[in-house]
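> Just the structure for this:
(2 chains)
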2 protein chains.
Amino acid sequence: METLTVELKERSYPIFIGTDILGQAELIRPYIHGNQVMIVTNETIAPLYLEPCKAALSDFQVESVILPDGEQYKNLDTLNSIFDALLIHRFNRHATLVALGGGVIGDITGFAASAYQRGIPFIQIPTTLLAQVDSSVGGKTAVNHPLGKNMIGAFYQPQCVIADTNTLDTLEDRQLKSGIAEVIKYGLINDYEFFSWLEANMDKLLQRDHDAFTYAVKRSCQDKADIVAMDETEQGVRALLNLGHTFGHAIETGMGYGQWLHGESVATGICMAAHLSALNGDLGQKEVKRIQQIIKNAQLPTESPPELSSSKMLSLMSVDKKNVDSGIRLILLKAIGHAVLSDDYRTDDLQATLNYYCKS
Amino acid sequence: METLTVELKERSYPIFIGTDILGQAELIRPYIHGNQVMIVTNETIAPLYLEPCKAALSDFQVESVILPDGEQYKNLDTLNSIFDALLIHRFNRHATLVALGGGVIGDITGFAASAYQRGIPFIQIPTTLLAQVDSSVGGKTAVNHPLGKNMIGAFYQPQCVIADTNTLDTLEDRQLKSGIAEVIKYGLINDYEFFSWLEANMDKLLQRDHDAFTYAVKRSCQDKADIVAMDETEQGVRALLNLGHTFGHAIETGMGYGQWLHGESVATGICMAAHLSALNGDLGQKEVKRIQQIIKNAQLPTESPPELSSSKMLSLMSVDKKNVDSGIRLILLKAIGHAVLSDDYRTDDLQATLNYYCKS
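Have a look, this model is predicted:
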């Protein structure tokens, strides 16, 4: 097992990465302070991992709430069903929530923890690649609104993250690839060496090689933890982690949550960001091609869904959280391994990018 | 105009108390940093104060959302209507929310501000006595759940509080008295001198004497600000501000939100806390009588609603936020002006108190 730390002073916490650690009682127990534990999971994960997780917590009063599976359920109604369960069982402010599942479960459980009785502790047990390398780390929690993804939420850090790479064995192919999109993202932002490693090792990841997974998860978590430690609440550098996400969120929202997976949307979004970066004169065609190629090699989409018009995309992008009064801010690439937050691009180039990608 | 400061380091903010300050542009503008302002108010307050408030903000893009009036609307659905308005108008993370109204508006707007795009600034303009002396100060924000009051929320401080005592002229009598309950509370907790002043000046408050109001608002805010500065997130001493509230919240929830006003429920709750404190051997009968008398003089209820059984009360009290694994924690009185957080009382005495007050 490997341990990383997200350094956030009194809110610092460990990330444990390893195999067969999900059910290790001695690992999780020190992070639970009261007597009540509510495990939040979904109908896909519950049959696989709820029982071992409960068994590891047998010293406590353990209850669980099983949500439907999918991004389309990451909303205020589902959030409220967590509050229902907590109140029906009379859970107090010393209770702990455990998020057992992918990014949707982690985001919604984290937000529930931040808001229940104005804040109770929570633990992340991510069971998808995407959640292990990205959403479980860094304390961004949220639910979606029909008009914008992750528009309602909180910065709220977990007590610890337990990433059991064995859970990736049970992951659907499509979910696995979706996670790889976020892994590629870290290479592009500020880790050229990792990007090169990914170019050389993509087949191993697609074949679920355990060593490759453990390396990719650890390196991704370290890259993310370093950035989060510099800027917990996204006043600056943390925004770089949103490479491809302004385009990607617009695709997810525009297509209807759950149609395109998050990582699929981000993959296309990265291609669009690369295209605009090239129009902006920052990125060479050779680098754009390398980016498209690695995304293709990961069997992820490099093209926008045909149903989505460029005007609809632009409208959806205008409610992005990074935006300022003067307009849409984007993460652009100066090179592979060098992303920047920018509103220094021509609106015409953004329009040309959307026109190029959106067929309607 | 008087200015107090809530001392919370980088989250410190001023409370302005005075007459005719609601529409003073130069007072509010320094606390708005972006270009977008959303005023959240209700259908009672909008016809009275929305226009002067908008006029003071004419330099900005100002939108407004008008909610129905009443505690029964302080829920996730109404909260979502604020998010709808923000997203329809494409408000970004630099937008400011303005809470123009009573405690419900302040609590729900503050929570909306804490969660919209994971946190945007907000300003409190309380227009009821209760909001001016209590809910607008200290950063407790929340909405209700059918199973418990204020169960979903955040600690989130405003940029400033503008308490215009002129707005109390338009307040319904019942709302005015509800606010007086919270004023009495401060005297009981740790300000015996203020309690004595209130005994002597209750008639003036009921007659809406402006000088008496200004004094009561300022003293209450100072008492509250001092406690909040010591304990922002209620790890200890701040819980004292909940004197009468565990009983009171159970009455509000049990009767259906909006039936008994918050202050009315707290008034009865204070009587119940005093009764239990006497059974506990801490408070003399003479002091219990003084407490009952000042609440009667304020024309507030000293008896629990007959519809509510003692078993229902006890059940509702068991989800209070102060509770620990071992049971219900209450604020009890050692003397007038000396409240304590306690689970050092006999369960039988709590039961006897509930049996005494609850007729069914």
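> gap between the spatially most central residue of chain A and chain B?
The residue lying closest to the centre of chain A (C-alpha atoms, centre = their mean) is residue A:135, at 3.2 Å. Counting by C-beta to the nearest C-beta, to the nearest Å, the gap from residue A:135 to chain B is 14 Å. (Glycine included, C-beta is placed from N, CA and C.)
> Just to check, that residue is in contact with residue A:127?
No. Using C-beta atoms under 8 Å, residue A:135 is not in contact with residue A:127, being 11.5 Å away.
> Give the residues shared as contacts by the two.
With contacts taken as C-beta atoms under 8 Å, 6 or more residues apart in numbering or on different chains, residue A:135 and residue A:127 have residue A:102 as neighbours in common.
> so what's the residue lying closest to residue A:56 once chain neighbours are set aside scoring on pLDDT?
Nearest residue to residue A:56, sequence neighbours excluded (C-beta to C-beta, 6 or more residues apart in numbering or on different chains): residue A:25, at 4.2 Å. pLDDT recorded at residue A:25 is 95.
> So is the longest helix along chain A next to chain B?
Secondary structure of chain A per DSSP state H: the longest helix is helix A:210-230. No. Helix A:210-230 does not reach chain B (C-beta under 8 Å from any C-beta of the partner chain); its nearest approach is 13.6 Å.
> residues making contact with that helix?
Taking C-beta under 8 Å, 6+ apart as the rule, helix A:210-230 contacts A:2, A:4-8, A:15, A:17-19, A:129, A:132-134, A:137-139, A:161, A:163, A:165, A:168, A:182-183, A:186, A:189-191, A:194, A:197-198, A:201, A:204-205, A:237-238, A:240-241.
> Which positions in that helix come out as buried?
A:212-225, A:227-229 (16 or more other C-beta atoms under 10 Å in any protein chain shown).
> now swap in stretch A:64-75 and tell me
Buried, per 16+ other C-beta under 10 Å, within stretch A:64-75: A:64, A:65, A:66, A:67, A:69, A:70, A:71, A:73, A:74, A:75.
> what about it, start to end distance?
Across stretch A:64-75, the terminal residues are separated by 19 Å (C-alpha to C-alpha, to the nearest Å).
> quick one: average pLDDT of that stretch?
Mean predicted confidence for stretch A:64-75 is 97.
> ok, residues contacting it?
Contacts for stretch A:64-75 (C-beta under 8 Å, 6+ apart): A:38-46, A:50, A:54, A:78, A:81-82, A:85, A:104-105, A:107-108, A:142-145, A:252, A:256-258, A:261-262.
> returning to what we had before: in strands only, show me the contacts of helix A:210-230.
A:2, A:4, A:5, A:6, A:15, A:17, A:18, A:161, A:163 (DSSP state E).
> Out of those, which two sit at the greatest distance?
A:6 and A:18 (17.0 Å; C-beta to C-beta).
> more crowded one of those two?
residue A:6 (24 against 19; other C-beta atoms under 10 Å in any protein chain shown).
> Please name the nearest non-neighbouring residue to that one.
Closest to residue A:6 by C-beta to C-beta, 6+ apart is residue A:225, at 4.6 Å.
> returning to that earlier point: list the residues that contact the residue nearest to the centre of chain A.
Per C-beta under 8 Å, 6+ apart, neighbours of residue A:135: A:102, A:103, A:106, A:107, A:126.
> Per-residue pLDDT of residue A:331, please?
In this model, residue A:331 carries a pLDDT of 97.
> For beta bridges, what are the partners of it?
residue A:341 (DSSP bridges).
> ok, back up a step: can you narrow the contacts of stretch A:64-75 down to the ones near chain B?
Near chain B, by the rule C-beta under 8 Å from any C-beta, you find A:142, A:145 out of the contacts of stretch A:64-75.
> Quick one: name the residues of the stretch 1-150 of chain A near chain B.
Counting by C-beta under 8 Å from any C-beta, the stretch 1-150 of chain A sits next to chain B at A:34-36, A:76, A:79-80, A:83-84, A:87-88, A:90, A:92-94, A:111, A:114-119, A:140, A:142, A:145, A:147-148.
> got the angle for the longest helix of chain A vs strand A:2-6?
20 degrees (axes from the mean of the first three to the mean of the last three C-alpha atoms, to 10 degrees).
> so how far is helix A:210-230 from its chain's centroid?
The chain centroid and the centroid of helix A:210-230 are separated by 13 Å, computed with C-alpha atoms, centre = their mean, to the nearest Å.
> I'd like the mean pLDDT over that helix, please.
Here the average pLDDT along helix A:210-230 is 96.
> Next secondary structure after that helix?
helix A:245-255 (DSSP states H and E).
> Return the alpha-carbon coordinates of whatever helix or strand comes next after that following helix using CSV.
Using DSSP H and E, the helix or strand that follows helix A:245-255 towards the C-terminus is helix A:262-279. Coordinates of each C-alpha in helix A:262-279 appear next as CSV, following Å, rounded to 0.1, in the frame of the first residue of the first chain:
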residue,chain,number,x,y,z
HIS,A,262,-17.8,12.7,-17.8
GLY,A,263,-14.5,11.4,-19.0
GLU,A,264,-15.8,11.0,-22.6
SER,A,265,-16.9,14.6,-22.6
VAL,A,266,-13.6,15.8,-21.1
ALA,A,267,-11.7,13.8,-23.8
THR,A,268,-13.5,15.7,-26.6
GLY,A,269,-13.2,18.9,-24.6
ILE,A,270,-9.4,18.4,-24.4
CYS,A,271,-9.3,18.0,-28.2
MET,A,272,-11.3,21.3,-28.5
ALA,A,273,-9.0,23.1,-26.1
ALA,A,274,-6.0,21.8,-28.1
HIS,A,275,-7.6,23.0,-31.3
LEU,A,276,-8.2,26.5,-29.9
SER,A,277,-4.7,26.6,-28.5
ALA,A,278,-3.4,25.9,-32.0
LEU,A,279,-5.5,28.7,-33.5
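> Which is the succeeding secondary structure element to helix A:262-279?
Immediately after helix A:262-279, counting by DSSP H and E, sits helix A:285-297.
> Out of the buried residues of stretch A:64-75, which two sit at the greatest distance?
A:64 and A:71 (21.1 Å).
> and the buried residues of stretch A:64-75 as a markdown table, adding distance to residue B:318 and secondary structure?
Putting the buried residues of stretch A:64-75 into a markdown table (distance: C-beta to C-beta, whole Å; DSSP: H, G, I helix; E, B strand; the rest coil) gives the following:
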| residue | distance to residue B:318 | secondary structure |
| --- | --- | --- |
| A:64 | 21 | strand |
| A:65 | 20 | strand |
| A:66 | 25 | strand |
| A:67 | 26 | strand |
| A:69 | 33 | coil |
| A:70 | 35 | coil |
| A:71 | 36 | helix |
| A:73 | 30 | helix |
| A:74 | 31 | coil |
| A:75 | 29 | coil |
